[in-house]
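Peer 1: kindly return the folded structure for what I paste below:
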Amino acid sequence: MNSSNISHYINTLFPQFEPALKKTLIEQVTIKSVKAGEHLMQTGQYFRSTVLIVEGRVKLYREGTDGNEFFMYYLQPGDACALSMICAAKQESSGIMGKAIEDSTILMVPIALMDELMKQFPSWYYFVMETYRSRFEELLEVIDGIAFKGLDERLKFYLEKQQQQVQSNELHLTHQEVASDLNSSREVISRLLKKMEQRGEIKLYRNYIEMIK
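Peer 2: Numbering: from 1, shown residues only. Down below sits the predicted model:
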């Protein structure tokens, strides 16, 4: 059953992989289910596998000594965790946290396979390079937002990106979750969301935010 599921995920989400690579992955990877709120990685953890997301969404963030979170980016189906690739290959520990925000399914690619995959399969090599590039660009967006944009602009951009990722106008986010991701307070975020509602950009409900524009 697991082999059938793995084959389905790889063929559906990674069509760019050559047949021999797909066969190797189907034979070698393991599948793991992660409940919403469960951590996939924690600061100081060593990786034994590279992580491919095939269901759900995973939030990556830094955690300060005071317990505050600094949001970095989300991983969704078809994405790989660049940090797990780097740390697994170099046998270094994680400097960030990774938490499932939805019930998720991941494929674990053993560390022992990494060198072989990079050398034998061009599509894996380009996938790894594209993963590094994509994650780097997402980090630049976070840095640009902090350095050059006001919180109201960052909030609007954040909500629009959430809308694109979940492909829905209904965003099931609490004000506290948004505040944590934007490194702000719930009170400030609630005030800004109320202003957006007054401008007709969103509608606020008890358990979700509806995007209008």
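
Peer 1: please count neighbours and contacts with C-alpha atoms only from this point.
Peer 2: Will do.

Peer 1: so where's this protein uncertain?
Peer 2: Applying pLDDT under 70 to the chain flags residues 1, 67, 88-90, 213.

Peer 1: helices of that one, residue ranges please.
Peer 2: Using DSSP state H, the helices assigned to the chain run over residues 2-13, 19-28, 82-90, 114-120, 122-148, 151-166, 175-181, 186-198.

Peer 1: in stretch 64-71, which residues are buried?
Peer 2: Glu69, Phe70, Phe71 (16 or more other C-alpha atoms under 10 Å).

Peer 1: residue contacts, the nearest residue to Asn183 once chain neighbours are set aside?
Peer 2: Closest residue to Asn183 apart from its sequence neighbours, by C-alpha to C-alpha, 6 or more residues apart in numbering: Phe70 at 6.1 Å. Phe70 is in contact with Tyr61, Arg62, Glu63, Gly64, Ser180, Asp181, Leu182, Asn183, counting by C-alpha atoms under 8 Å, 6 or more residues apart in numbering.

Peer 1: so which of those are in strands?
Peer 2: Of those, the ones assigned to strands by DSSP state E are Tyr61, Arg62, Glu63.

Peer 1: any chance of the residues you listed in CSV, with neighbour count and distance to Leu52 too?
Peer 2: Listed next are the ones in strands among the contacts of Phe70 as CSV, based on neighbours: other C-alpha atoms under 10 Å; distance: C-alpha to C-alpha, whole Å:
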residue, neighbour count, distance to Leu52
Tyr61, 21, 17
Arg62, 17, 20
Glu63, 16, 23
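
Peer 1: and of those residues, the nearest to Val34?
Peer 2: Tyr61 (17.3 Å; C-alpha to C-alpha).

Peer 1: distance of that closest one from Gln45?
Peer 2: 14 Å (C-alpha to C-alpha, to the nearest Å).

Peer 1: and what of Ile209?
Peer 2: As judged by C-alpha to C-alpha, Ile209 and Gln45 stand 35 Å apart.

Peer 1: more crowded one of these two?
Peer 2: Neighbour totals were compared for Ile209 and Gln45, and Ile209 leads with 20 against 15 (other C-alpha atoms under 10 Å).

Peer 1: who does that one bridge with?
Peer 2: Ile209 has these beta-bridge partners by DSSP bridges: Leu171, Leu204.

Peer 1: so it touches Leu173, yeah?
Peer 2: Yes - using C-alpha atoms under 8 Å, Ile209 is in contact with Leu173, at 6.9 Å.

Peer 1: leaving out the residues flanking it, which one is nearest to Glu27?
Peer 2: Ser3 (7.6 Å).

Peer 1: actually Gln16, not the one I typed
Peer 2: In space, Gln16 is closest to Ser123, 6.7 Å off (C-alpha to C-alpha, 6+ apart).

Peer 1: ok, that neighbour - contacts?
Peer 2: Gln16, Phe17, Glu18.

Peer 1: tally of neighbours for the nearest residue to Asn207 once chain neighbours are set aside?
Peer 2: Nearest non-adjacent residue to Asn207, counting by C-alpha to C-alpha, 6+ apart: His172, 6.3 Å away. By the criterion of other C-alpha under 10 Å, His172 has 16 neighbours.

Peer 1: brilliant, that's me finished.
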